[in-house]
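Asker: with the input below, show me the fold.
(chains A, B, C and D)
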4 protein chains.
Amino acid sequence: MERTVTQTSNSEMQACIDACLSCYQTCLGMASNHCLTAGGRHVEPEHFRLMLSCAEACRTCAHLMLIGSAIHRHQCAACAEICAACAASCEQVGDMDDCVQACRHCEKTCRTMAA
Amino acid sequence: MERTVTQTSNSEMQACIDACLSCYQTCLGMASNHCLTAGGRHVEPEHFRLMLSCAEACRTCAHLMLIGSAIHRHQCAACAEICAACAASCEQVGDMDDCVQACRHCEKTCRTMAA
Amino acid sequence: MERTVTQTSNSEMQACIDACLSCYQTCLGMASNHCLTAGGRHVEPEHFRLMLSCAEACRTCAHLMLIGSAIHRHQCAACAEICAACAASCEQVGDMDDCVQACRHCEKTCRTMAA
Amino acid sequence: MERTVTQTSNSEMQACIDACLSCYQTCLGMASNHCLTAGGRHVEPEHFRLMLSCAEACRTCAHLMLIGSAIHRHQCAACAEICAACAASCEQVGDMDDCVQACRHCEKTCRTMAA
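Answerer: Okay, here's the model as predicted:
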């Protein structure tokens, strides 16, 4: 039987909100503290912009789920793509394991909510 | 010849940022002032949630374009869908012409940037 | 010996970030779900505006602490005042215990960080 | 006769909203484009954190005025202080004239609204 949007449980949505707010905190905190202090490839423009963009997309994704309109699934779809791009950039830069892990987990939960 | 992302001009992006911030201000301002004061169908839960969700999605869409990573196009795609849903809800409620107009314009510029 | 800003521990700041994000989620979630569904005094304009304002101020307060500039203390001072006003409004409306508790706790931790 | 909060005109508030959203766009746009590309002292951690903090404080200040609760004056007070600090940092770094100007103007309109 096909899974439908209305079958999403509250606990699944709360898990996605938690993943988004965790990824938001990790991306913003690491960009502003780890990356700015480390310098070099950590402040390479496109990498840093992806970190800031991912933090913002995740924060907004949690926001739309908290508001509770079914429209949130479009934001979840966008957030999953942005998390995937940020994780890939962090892997390439290296020494960003916490961020890679947070982005991969957030991407996964967002894809489920976007379905 | 096919249009590519890199051919997006700065002026097109600035026009989309302007449309997003205008739609954000209209949705949030009308929800919090016009709708809460009018009451009745204007505070029907799903309509009001769409207004708040649209304001947030538009604000974040402008944010990602200002950051300047190419990843913004995913947010633009999500924002276009959310604007379309908010415009439809505002048309149904009625007496929300400014919001319908702002959402339709924002939807259109976001679809261009998402392409 | 007098306490100075630089003596604020990381764990105190993390506790304040947690309190802000918790209050943000409670205020936005209750406004959009509990209040819009309950109607009546729960959607009285000034009460509802305070709920939305408190959610936003708390979210931004966490944001500035995550960024890590010492300037966050001005945001913490503003957030404490807004939380106090939201808690008072929720007490007056009634049936908003979770929100009163979240606001009071966030107010307290923000006052410490603002000192 | 003493000026009171309720005597603030709508046009004064709209001017402050405009100044906040303009300062937000200038700070975020210059941080993410000018500063990350220029490097050197432009990505010195505390300067860059102030730019991001100022962008966020301004954006939220506009948000609370759009919501329309009288509580916004606390956010305006915080925003004025943060704009002043960001302007000073930009002057010290140099080659940031647009940002200095936007911050000084936003600081001034916020002080008026906070009074």
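Asker: what segments of chain A are helices?
Answerer: Here chain A has its helices, by DSSP state H, at A:10-29, A:36-38, A:45-67, A:72-93, A:97-114.
Asker: let's have the ones you listed in JSON lines, adding distance to chain C, mean neighbour count and mean pLDDT.
Answerer: No exception for glycine: its C-beta is placed from N, CA and C like everyone else's. Below are the helices of chain A laid out as JSON lines (distance: least, CB to the nearest CB, whole Å; neighbours: other CB atoms under 10 Å in any protein chain shown; pLDDT from 0 to 100):
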{"stretch": "helix A:10-29", "distance to chain C": "5", "mean neighbour count": "21", "mean pLDDT": "97"}
{"stretch": "helix A:36-38", "distance to chain C": "9", "mean neighbour count": "16", "mean pLDDT": "97"}
{"stretch": "helix A:45-67", "distance to chain C": "5", "mean neighbour count": "26", "mean pLDDT": "98"}
{"stretch": "helix A:72-93", "distance to chain C": "11", "mean neighbour count": "24", "mean pLDDT": "98"}
{"stretch": "helix A:97-114", "distance to chain C": "13", "mean neighbour count": "21", "mean pLDDT": "98"}
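Asker: got JSON lines for these, with distance to C:I67 too?
Answerer: Putting the helices of chain A into JSON lines (distance: least, CB to CB, whole Å) gives the following:
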{"stretch": "helix A:10-29", "distance to C:I67": "7"}
{"stretch": "helix A:36-38", "distance to C:I67": "10"}
{"stretch": "helix A:45-67", "distance to C:I67": "10"}
{"stretch": "helix A:72-93", "distance to C:I67": "17"}
{"stretch": "helix A:97-114", "distance to C:I67": "16"}
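Asker: how about the residues of chain A near chain D?
Answerer: With the criterion set to CB under 8 Å from any CB of the partner chain, chain A comes near chain D through A:32-33, A:36-37, A:39, A:43, A:45, A:48-49, A:52.
Asker: now do 7 Å
Answerer: Listed as neighbours of chain D in chain A under the rule CB under 7 Å from any CB of the partner chain: A:32, A:36-37, A:43, A:45, A:48-49, A:52.
Asker: what's the farthest-apart pair in these?
Answerer: Largest separation among the residues of chain A next to chain D by CB to CB: A:T37 and A:R49, giving 18.0 Å.
Asker: show me which residues of chain A sit near chain B.
Answerer: Residues of chain A lying near chain B by CB under 7 Å from any CB: A:46, A:49-50, A:52-53, A:56-57, A:60, A:63-64, A:67-69, A:71, A:74-75, A:77-78, A:81-82, A:85.
Asker: ok so, going back, quick check: which of the helices of chain A is nearest to D:T112?
Answerer: Nearest to D:T112, of all the helices of chain A, is helix A:45-67, at 29.6 Å by CB to CB.
Asker: between the closest one and helix B:72-93, how many degrees?
Answerer: Counting by axes from the mean of the first three to the mean of the last three CA atoms, to 10 degrees, helix A:45-67 lies at 30 degrees to helix B:72-93.
Asker: please name the nearest non-neighbouring residue to A:R104.
Answerer: Once flanking residues are discounted, A:R104 sits nearest to A:A87: 5.3 Å by CB to CB, 6 or more residues apart in numbering or on different chains.
Asker: surely that neighbour is in contact with A:Q101?
Answerer: No. With contacts counted by CB atoms under 7 Å, A:A87 stays clear of A:Q101, the gap being 8.5 Å.
Asker: look up how far chain B lies from A:G39.
Answerer: Relative to chain B, A:G39 is positioned 19 Å away (CB to the nearest CB, to the nearest Å).
Asker: skipping its backbone neighbours, what lies nearest that residue in space?
Answerer: Among residues not flanking A:G39 along the chain, D:V43 sits closest, at 7.2 Å (CB to CB, 6+ apart).
Asker: can you read off the pLDDT for the one you found?
Answerer: Listed pLDDT for D:V43 reads 98.
Asker: which ones are touching it?
Answerer: Contact partners of D:V43, counting by CB atoms under 7 Å, 6 or more residues apart in numbering or on different chains, are A:36, A:43, D:35-36.
Asker: ok, A:H105 next?
Answerer: Going by CB under 7 Å, 6+ apart, A:H105 touches A:A19.
Asker: give me the distance between it and A:H42.
Answerer: A:H105 sits at a distance of 22 Å from A:H42 (criterion: CB to CB, to the nearest Å).
Asker: which ones are touching the nearest residue to A:C16 once chain neighbours are set aside?
Answerer: What sits nearest to A:C16 in space, not counting adjacent residues and going by CB to CB, 6+ apart, is A:T109, at 4.2 Å. The neighbourhood of A:T109, defined by CB under 7 Å, 6+ apart, consists of A:15-16, A:19.
Asker: distance of the residue nearest to A:C79 when sequence neighbours are not counted relative to C:S9?
Answerer: Spatially, and ignoring its direct neighbours in sequence, A:C79 is nearest to A:C61 (4.1 Å; CB to CB, 6+ apart). The gap separating A:C61 from C:S9 is 31 Å, by CB to CB.
Asker: before we move on, what about A:C16?
Answerer: Distance, A:C16 to C:S9, using CB to CB: 31 Å.
Asker: for A:L50, same thing?
Answerer: Between A:L50 and C:S9 the computed distance is 31 Å (CB to CB).
Asker: residues near A:G94, how many?
Answerer: A:G94: 10 surrounding residues under other CB atoms under 10 Å in any protein chain shown.
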